[in-house]
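S.K.: Any chance you can model this:
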Amino acid sequence: MERFAVKSAPSRNRSKTALYVTPQDRVTEFGSELHEDGGKLFCTSCNVVLNHVRKSAINDHLKSKTHTKRKAEFEEQNVRKKQRTLTASLQCNSTAQTEKSSVIQDFVKMCLEANIPLEKADHPSVRAFLSRYVKNGSSIPKSEQLRKAYLPDGYDNENQLINTEDR
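M.R.: Numbering: from 1, shown residues only. Prediction:
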């Protein structure tokens with residue numbers, strides 16, 4: 001009797017979203033018009049986030065008037081700017097940041113070796129000299145921050161050097 005049982009019609013409530021499509025898959029599918037960063041899909045010329053799950057949403061965006069207008073402007077500029085996520089931007093460590101850090105560490109080391117109190121860095125004439133003659137000299141923080149943030153690093157580095165020399 002089970003053979004003759006009436007089967008229900010297939011469910012029409014099924015979602016039409018692609019379950020296992022990643023933003024990178026859409027980039028390879030659509031080419032240079034899109035780019036992916038941090039698990040998000042961006043339109044390169046418009047700098048907007050697109051829903052990578054629904055292909056129709058991407059197609060609708062690419063056919064829109066605003067996209068064609070922005071794409072023409074984008075091609076005129078000849079500058080390829082890609083929007084990035086905040087986490088990717090924060091992870092980027094530029095050369096200026098590393099150079100700034102090394103200037104500050106060298107300044108603290110110089111003060112320690114010359115037996116100059118870090119409070120002298122707060123004097124206006126020292127500030128003026130540093131900003132005028134030292135590259136990134138104006139980025140040296142006040143003595144309180146030097147003591148809290150950079151002095152422990154210098155102390156730890158010197159202790160490691162002394163311990164390696166003793167062996």
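S.K.: how about the strands in this protein?
M.R.: Counting by DSSP state E, one finds strands in the chain at the ranges 34-37, 40-43, 49-50.
S.K.: who does the first one pair up with?
M.R.: Next to strand 34-37 in the sheet, as set by DSSP bridges, lie strand 40-43 (antiparallel).
S.K.: Would you mind writing the CA trace of the partner strand as CSV?
M.R.: Taking Å, rounded to 0.1, in the frame of the first residue of the first chain, the C-alpha atoms of strand 40-43 are listed here in CSV:
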residue,chain,number,x,y,z
LYS,A,40,33.4,40.9,2.0
LEU,A,41,32.7,41.5,-1.7
PHE,A,42,33.3,45.0,-2.9
CYS,A,43,32.5,46.7,-6.3
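S.K.: Among the strands of the chain, which comes closest to L151?
M.R.: strand 34-37 (37.6 Å; C-beta to C-beta). Placement of C-beta: from N, CA and C, glycine included.
S.K.: For the closest one, output the C-alpha coordinates as PDB.
M.R.: The C-alpha trace of strand 34-37 is given here as PDB (Å, rounded to 0.1, in the frame of the first residue of the first chain):
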ATOM      1  CA  LEU A  34      34.800  43.100  -8.000                       C
ATOM      2  CA  HIS A  35      37.400  42.500  -5.300                       C
ATOM      3  CA  GLU A  36      37.300  40.700  -1.900                       C
ATOM      4  CA  ASP A  37      38.700  41.800   1.400                       C
END
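S.K.: What are the contacting residues of it?
M.R.: 22-24, 26-27, 41-44, 50, 58, 82-85, 88 (C-beta atoms under 8 Å, 6 or more residues apart in numbering).
S.K.: re the thing from before, which of the strands of the chain sits most buried?
M.R.: strand 40-43 (a mean of 21; mean count of other C-beta atoms under 10 Å).
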